[in-house]
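**Q** here is my input, please return the structure:
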Amino acid sequence: MAKPVTRRFGDLRVYLDTSTTSTPTFEMPCGFTDKSLELTADASDIAVPDCDDPDGAIWNERDIRTRNARVTGQGVLAMESSEEWRSFFLNGSRLVRVEINAPAADGGGYWQGRAVLTSWRIDGTLGDKLKSNVEMSNDGEWVWTAATA
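**A** Numbers count the residues shown, from 1 in each chain. Okay, the predicted model is just below:
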């Protein structure tokens, strides 16, 4: 049995566009100890009968109606990133990139598109560091770009 090709935590990279010009400048916010990219689709279902066997079991067919991308991250509240989160929350949609840092042969590349910061929570517990939790949801289409090497 061959072992699977795997990647480490640091190979899932979340970038925010921090530029004020039309040329994106991507930076990774600091502080994540957990992060995720969730891609979902909303489908409509319809039961399609078999015309040759009207009494037979009917199979459902599905059409995709919408696609969604959701990025979450949590970890310590890194004060050097807090201004970016505040600005993102207050100023609306922003370009986001989520990269799987791997060669093209191993499925590497990135998803990119606009997103809104739908949640930013700061938690504190006595005797512990402040924690930050963020959630971003797509604002339009996200496009996959495969790694070049």
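
**Q** residues in contact with residue 48?
**A** 58, 59, 60, 61 (C-beta atoms under 8 Å, 6 or more residues apart in numbering). Quick note: C-beta positions are derived from backbone N, CA and C, even for glycine.

**Q** any idea how far stretch 111-124 is from the chain center?
**A** When distances are taken as C-alpha atoms, centre = their mean, to the nearest Å, stretch 111-124 is centred 10 Å away from the chain's centroid.

**Q** do stretch 7-23 as well
**A** 11 Å.

**Q** so where do the strands sit in this structure?
**A** Along the chain, the segments classed as strands by DSSP state E run 12-17, 26-27, 32-48, 59-76, 94-100, 109-123, 131-146.

**Q** dump the ones you listed into JSON lines; add distance to residue 88 and mean pLDDT as well.
**A** Output for these, formatted as JSON lines (distance: least, C-beta to C-beta, whole Å; pLDDT from 0 to 100):
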{"stretch": "strand 12-17", "distance to residue 88": "7", "mean pLDDT": "97"}
{"stretch": "strand 26-27", "distance to residue 88": "12", "mean pLDDT": "96"}
{"stretch": "strand 32-48", "distance to residue 88": "15", "mean pLDDT": "96"}
{"stretch": "strand 59-76", "distance to residue 88": "12", "mean pLDDT": "96"}
{"stretch": "strand 94-100", "distance to residue 88": "6", "mean pLDDT": "97"}
{"stretch": "strand 109-123", "distance to residue 88": "4", "mean pLDDT": "97"}
{"stretch": "strand 131-146", "distance to residue 88": "8", "mean pLDDT": "98"}
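
**Q** that older thread, in terms of distance to residue 128, which of the contacts of residue 48 ranks first?
**A** Nearest to residue 128 among these: residue 60, at 48.5 Å, using C-beta to C-beta.

**Q** pretty sure the closest one is touching residue 49, no?
**A** No - with contact defined as C-beta atoms under 8 Å, residue 60 does not count as touching residue 49 (11.1 Å).

**Q** which one's more surrounded, these two?
**A** residue 49 (12 against 9; other C-beta atoms under 10 Å).

**Q** and the more buried one, what pLDDT?
**A** Listed pLDDT for residue 49 reads 92.

**Q** name the nearest residue to it, sequence neighbours excluded.
**A** Distances taken as C-beta to C-beta, 6 or more residues apart in numbering put residue 58 closest to residue 49, at 5.2 Å, once the chain neighbours are dropped.
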